[in-house]
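Chemist: next input, structure requested:
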Amino acid sequence: MTVRSEKVSVGDTTVPVVVLYAYHYGQLGVLRSFGRLGIAVYGVDPNPFSPGLFSRYCQKKFLWDVDAASPEASVQYLLDVAKKIGKRSLLIHTTDSGAGWLADHADALSEGYIFPRLSKQLVRVLASKEEMYFLAKKCGVPTPEACFPLSRSDVEEYVKDAVFPVVLKEIFRGGSPRTGKRMFIARTKAELLRLYSQCEDPSNPNFMLQEYIPGGDDSIWMFNGYFNEKSECLFAMTGKKIRQSPVHTGVTSLGVCLRNPVIDQMTKGFMKSIGYKGILDIGYRYDMRDGKYKVLDVNPRIGSTFRLFVGNNGLDVARAEYLDLTGQSVPSSEIVEGRKWFVEDRDLVSSVRYHYEKSLTFRQWVTSFRGVQESAWFAWDDLSPFFMMCARFSRKVLSKTDNSALNPYRLTP
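Modeler: Numbering: from 1, shown residues only. The predicted structure is shown next:
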């Protein structure tokens, strides 16, 4: 398995990078992507044991919880970090809340950092699946039909004419305060009403009902791209999911790069029309009933799967942003057809569950790894984060408080 692809040329590597949070494999990927080019990378995270902070490419760690502290305190802390580094740095946010936070405090943070400047309004629209739904409709981009109930009575009215299955999912990400889960597939009226009652907070409605598009996990396509100040796309790659975690409703645990000119052109046109700038992670589902790709999510941030999308010259979205914002040219990059990437711990759990569903045989599981060129945690040149992930995963499996980690039947609450 190849994990290094650093052929892209970066003439000026003197601008440091500060990465917000380091507990996730996506954030670790950012640290490695920059660090392997000789760029100084710093991690900000509240947990001193976050795996990314132990990467050999993390030059120094700063312990701070940007989300938990007051906005004023976090802005000041990050400005102090910039002063300690001694140079204006590229700031990379990596969470769903990070895009909105960065847009809200862009003026103050620009004293010590460079980053794409998105309008607060656009970030909020893209963060809300409800507002994104209407934006896509307005721009002529296909999207699954949806309903946005405000109460159980609205759902009771909806089920009278609903076609099942139906997807129940969050409008704003964060996980149900009652179950911690973000999305469900309800196959009957009774199940939908039960799930809605279990998940929804009546005082703060945050769940929508969405048309279910039939098809396997491999009908879900992804677009990773970087857009400059003029909303011109300087880097773009497409691919699709092979397996998800949790199964059928979660993030990519095994993915593959494949050309999809329809999604490529549709996304570029969509982002140009709304004036998008920066790194983009967007998901679509192919609807075999009408032959259309329908947008599911628009994430105005770097995606956790971004290292799946590495071009033939080693370019990825993080590196494209660095080159552009430091005044260097972004070279063209060709997709590596068939390139695969996977998340070790997540894919192990998902594979067990797919097997118990009888949708994945041992032979299919083994052959599915052909073409894997990189994994989320393991890297020969940076082993510590992988071992920390293994320790964390082992504790989770063995913990008496979470002995369901590998239970293939625990798919819904």
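
Chemist: where does the stretch 301-413 of the chain dip in pLDDT?
Modeler: Counting by pLDDT under 70, the stretch 301-413 of the chain contains low-confidence residues at 400-413.

Chemist: mind doing that once more with 90?
Modeler: Scanning the stretch 301-413 of the chain for pLDDT under 90 picks out the ranges 392-413.

Chemist: what ranges does it have for its strands?
Modeler: For the stretch 301-413 of the chain, strands defined by DSSP state E, counting those that start in this stretch occupy the ranges 340-342, 372-375.

Chemist: same question, the stretch 151-300 of the chain
Modeler: Per DSSP E, counting those that start in this stretch, the stretch 151-300 of the chain carries strands over the ranges 166-170, 183-186, 207-211, 220-227, 233-245, 251-257, 278-287, 292-299.

Chemist: format these as TSV; extra columns: distance to residue 193 and mean neighbour count.
Modeler: To be clear about C-beta, it is placed using only N, CA and C from the backbone, and glycine gets the same treatment. Below are the strands of the stretch 151-300 of the chain laid out as TSV (distance: least, Cβ to Cβ, whole Å; neighbours: other Cβ atoms under 10 Å):
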stretch	distance to residue 193	mean neighbour count
strand 166-170	10	21
strand 183-186	8	21
strand 207-211	11	20
strand 220-227	27	25
strand 233-245	26	23
strand 251-257	27	24
strand 278-287	25	23
strand 292-299	24	20
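
Chemist: dump those strands into CSV; add distance to residue 336 and mean pLDDT as well.
Modeler: What follows is those, written out as CSV (distance: least, Cβ to Cβ, whole Å; pLDDT from 0 to 100):
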stretch, distance to residue 336, mean pLDDT
strand 166-170, 32, 93
strand 183-186, 30, 90
strand 207-211, 33, 94
strand 220-227, 13, 97
strand 233-245, 9, 96
strand 251-257, 6, 96
strand 278-287, 18, 96
strand 292-299, 22, 94
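
Chemist: among those, which is nearest residue 318?
Modeler: With distances scored as Cβ to Cβ, the stretch of the strands of the stretch 151-300 of the chain nearest to residue 318 is strand 278-287 (7.2 Å).

Chemist: circling back: buried deepest among the strands of the stretch 301-413 of the chain, which one?
Modeler: With neighbours defined by mean count of other Cβ atoms under 10 Å, none of the strands of the stretch 301-413 of the chain is more surrounded on average than strand 340-342, at a mean of 24.

Chemist: show me what that one packs onto, helices and strands only.
Modeler: Using 3 or more Cβ pairs under 8 Å, 6 or more residues apart in numbering; DSSP states H and E as the contact criterion, the secondary-structure elements in contact with strand 340-342 are strand 251-257, strand 372-375.

Chemist: export the ones you listed as TSV, with columns for distance to residue 35.
Modeler: Listed next are the helices and strands packed on strand 340-342 as TSV, based on distance: least, Cβ to Cβ, whole Å:
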stretch	distance to residue 35
strand 251-257	23
strand 372-375	15
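
Chemist: so which residue is smack in the middle of this protein?
Modeler: A centroid search over the chain (Cα atoms, centre = their mean) returns residue 303, at 3.3 Å, as the residue closest to the centre.

Chemist: separation between it and residue 250?
Modeler: Counting by Cβ to Cβ, to the nearest Å, the separation of residue 303 from residue 250 is 13 Å.

Chemist: is it possible to get JSON lines of the strands of the stretch 151-300 of the chain that adds distance to residue 10?
Modeler: Formatted as JSON lines, these follow (distance: least, Cβ to Cβ, whole Å):
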{"stretch": "strand 166-170", "distance to residue 10": "38"}
{"stretch": "strand 183-186", "distance to residue 10": "38"}
{"stretch": "strand 207-211", "distance to residue 10": "41"}
{"stretch": "strand 220-227", "distance to residue 10": "15"}
{"stretch": "strand 233-245", "distance to residue 10": "14"}
{"stretch": "strand 251-257", "distance to residue 10": "22"}
{"stretch": "strand 278-287", "distance to residue 10": "17"}
{"stretch": "strand 292-299", "distance to residue 10": "25"}
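
Chemist: indicate which one of those strands is closest to residue 338.
Modeler: For those, distance to residue 338 was read as Cβ to Cβ. The smallest value, 6.4 Å, belongs to strand 251-257.

Chemist: show me where the protein has helices.
Modeler: 25-35, 71-85, 96-104, 106-109, 120-127, 129-139, 152-158, 189-199, 261-274, 317-325, 344-356, 362-367, 384-398 (DSSP state H).

Chemist: return the most buried member of these.
Modeler: Taking mean count of other Cβ under 10 Å as the contact definition, the stretch among these with the greatest mean neighbour count is helix 25-35, which reaches a mean of 26.

Chemist: which residues sit against it?
Modeler: The contact list for helix 25-35, computed with Cβ atoms under 8 Å, 6 or more residues apart in numbering, reads 17, 19, 21-22, 41, 43, 51-52, 55-59, 92, 94, 302-307, 316, 318-319, 322, 343, 376-377, 379, 382, 385, 389.

Chemist: from the opening residue of stretch 361-379 to its closing one, how far?
Modeler: When the termini of stretch 361-379 are compared using Cα to Cα, to the nearest Å, they are 27 Å apart.

Chemist: distance of the residue in the chain sticking out farthest from the centre relative to residue 364?
Modeler: Distance from the C-alpha centroid of the chain peaks at residue 160, with 34.8 Å (Cα atoms, centre = their mean). Applying Cβ to Cβ, one obtains 41 Å for the distance of residue 160 from residue 364.
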